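Peer 1: fold the following and give me the result.
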Amino acid sequence: MAHLVILDDNPHDPNAVGVMLDGKPAGYIPRTRSAAFRDAVIAINPDAKPVICKAEIMGGFVKGRDRGSYGITLDIAEPLRIKMR
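Peer 2: Numbers count the residues shown, from 1 in each chain. Prediction:
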């Protein structure tokens with residue numbers, strides 16, 4: 001599971017939405033989509049509390065000192081909606 005967090009203090013993207021895995025920063029919603037995504041999250045979640053979604057880490061490797069990059073696929077359906085547990 002990933003936590004999606006509204007980040008008001010990101011100097012590179014004023015609309016930043018961070019992706020956290022196990023309480024650690026793992027990435028961001030792409031800047032090209034962050035403003036629309038942030039607006040949609042706030043529309044259904046006015047307090048801008050962290051939201052959760054399923055996530056899968058793709059790629060990546062460690063071989064000795066070599067490391068390959070990875071990506072995170074988020075399971076997000078649009079339009080966003082609140083799912084009660």
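Peer 1: per-residue confidence at the residue most central in space within the chain?
Peer 2: For the chain, the residue sitting closest to the mean C-alpha position, by Cα atoms, centre = their mean, is V19 at 3.1 Å. Predicted confidence (pLDDT) for V19: 95.
Peer 1: one more: A43?
Peer 2: A43 is given a pLDDT of 86.
Peer 1: please give the element, helix or strand, for it.
Peer 2: Element membership for A43, per DSSP states H and E: helix 31-44.
Peer 1: quick one: buried residues of the helix or strand following that helix?
Peer 2: Helices and strands here follow DSSP H and E; after helix 31-44, the next one along the chain is strand 51-63. Applying a neighbour-count criterion of 16 or more other Cβ atoms under 10 Å, one finds 51, 55 buried in strand 51-63. C-beta: built from backbone N, CA, C; applies to glycine.
Peer 1: CA atoms only: put strand 51-63 into PDB for me.
Peer 2: Extracted C-alpha coordinates of strand 51-63, given in PDB (Å, rounded to 0.1, in the frame of the first residue of the first chain):
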ATOM      1  CA  VAL A  51      -4.900   8.700   1.200                       C
ATOM      2  CA  ILE A  52      -3.900   5.100   0.400                       C
ATOM      3  CA  CYS A  53      -3.900   3.000  -2.700                       C
ATOM      4  CA  LYS A  54      -2.500  -0.200  -3.800                       C
ATOM      5  CA  ALA A  55       1.000   0.000  -5.200                       C
ATOM      6  CA  GLU A  56       3.500  -2.300  -6.900                       C
ATOM      7  CA  ILE A  57       7.200  -1.700  -7.300                       C
ATOM      8  CA  MET A  58       8.400  -2.500 -10.800                       C
ATOM      9  CA  GLY A  59      12.000  -3.200 -12.000                       C
ATOM     10  CA  GLY A  60      15.100  -2.400 -10.000                       C
ATOM     11  CA  PHE A  61      18.100  -4.600  -9.100                       C
ATOM     12  CA  VAL A  62      21.100  -4.800  -7.000                       C
ATOM     13  CA  LYS A  63      24.300  -6.600  -8.200                       C
END
